[in-house]
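Asker: could you look at this predicted model? Sequence included:
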Amino acid sequence: MQVRLAGIKPESVTDGVGVRAVIYFQGCPHDCLGCHNPESHDPSAGYAADTAEILPVVLGNPLVEGITLSGGEPFEQPLAALALARGAKERGKSVWVYTGYRLEEILQRPACRRVLRYIDVLVDGPFVLAERDLALPYRGSRNQRLLALADWQDWLN
Ligand code: SF4
């Protein structure tokens, strides 16, 4: 499965619990004022990669306990997000996803909804500069929610 990426950070301790490999998707329609990663907005920029080749590399690091999909907007490439999230779960690793969409919007898009069953934690909603709070764990603005989808899987399926 082809995916367009902005980059990969092999180890991070700020994008979810524990040491995580962060996969940054390329392309984002949200255009949040104060975005931390504006170079990720153009869907034609970045580089093409194969999801099947990413996971063995990033999860080959024994320190890494899971992946985080960030961006950019992972749900603009839902089939690639599905392949990565499902592949990580099949390898016994946890999955965090950052999205500018709210869960209610994702639930209305079938291709995106399928990804949810493989996500442990979803950080949802756009970054809102007026709601910015540096003290918040794992998110940038107060409107964003930390949703433990791992506890909701009966309802999501
Ligand atoms: S969703 Fe994230 S990457 Fe997209 S514009 Fe907002 S802060 Fe930037």
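Answerer: Nice, thanks for sending it over. Numbers count the residues shown, from 1 in each chain.
Asker: make it CA atoms for all contacts and neighbour counts henceforth
Answerer: Noted.
Asker: tell me the residues of the chain that contact the ligand?
Answerer: 28, 30-32, 35-38, 71-73, 99-100, 126-127 (Cα under 6 Å from any ligand atom).
Asker: point out the least confident one among those.
Answerer: On pLDDT alone, residue 36 ranks lowest of these, at 90.
Asker: which outside residues touch the helix ranked longest in the chain?
Answerer: Ranked by residue count under DSSP state H, the longest helix found in the chain is helix 78-90. Residues outside helix 78-90 that contact it (Cα atoms under 8 Å, 6 or more residues apart in numbering) are 1-3, 51-52, 55, 66-67, 69, 74-75, 94-95, 111-112, 114-115, 118-119.
Asker: rerun at 10 Å
Answerer: 1-4, 23, 25, 50-52, 54-56, 59, 65-70, 73-75, 92-97, 109-120 (Cα atoms under 10 Å, 6 or more residues apart in numbering).
Asker: kindly report the same for stretch 42-52.
Answerer: Residues outside stretch 42-52 that contact it (Cα under 10 Å, 6+ apart) are 1-7, 24-29, 39-40, 72-73, 76, 80-85, 87.
Asker: any quick ChimeraX command for the buried ones out of the contacts of helix 78-90?
Answerer: Of the contacts of helix 78-90, the buried ones go into a single ChimeraX selection, burial set by 16 or more other Cα atoms under 10 Å:
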select :3,4,23,25,51,55,59,65,66,67,68,69,70,73,74,75,93,94,95,96,97,111,112,113,114,115,116,117,118,119,120
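Asker: mind giving me the packing neighbours of the lowest-mean-pLDDT helix or strand in the chain?
Answerer: When the helices and strands of the chain are scored by mean pLDDT, DSSP states H and E, helix 153-156 comes last with a mean of 79. The contact analysis (3 or more Cα pairs under 10 Å, 6 or more residues apart in numbering; DSSP states H and E) places helix 153-156 against helix 110-116.
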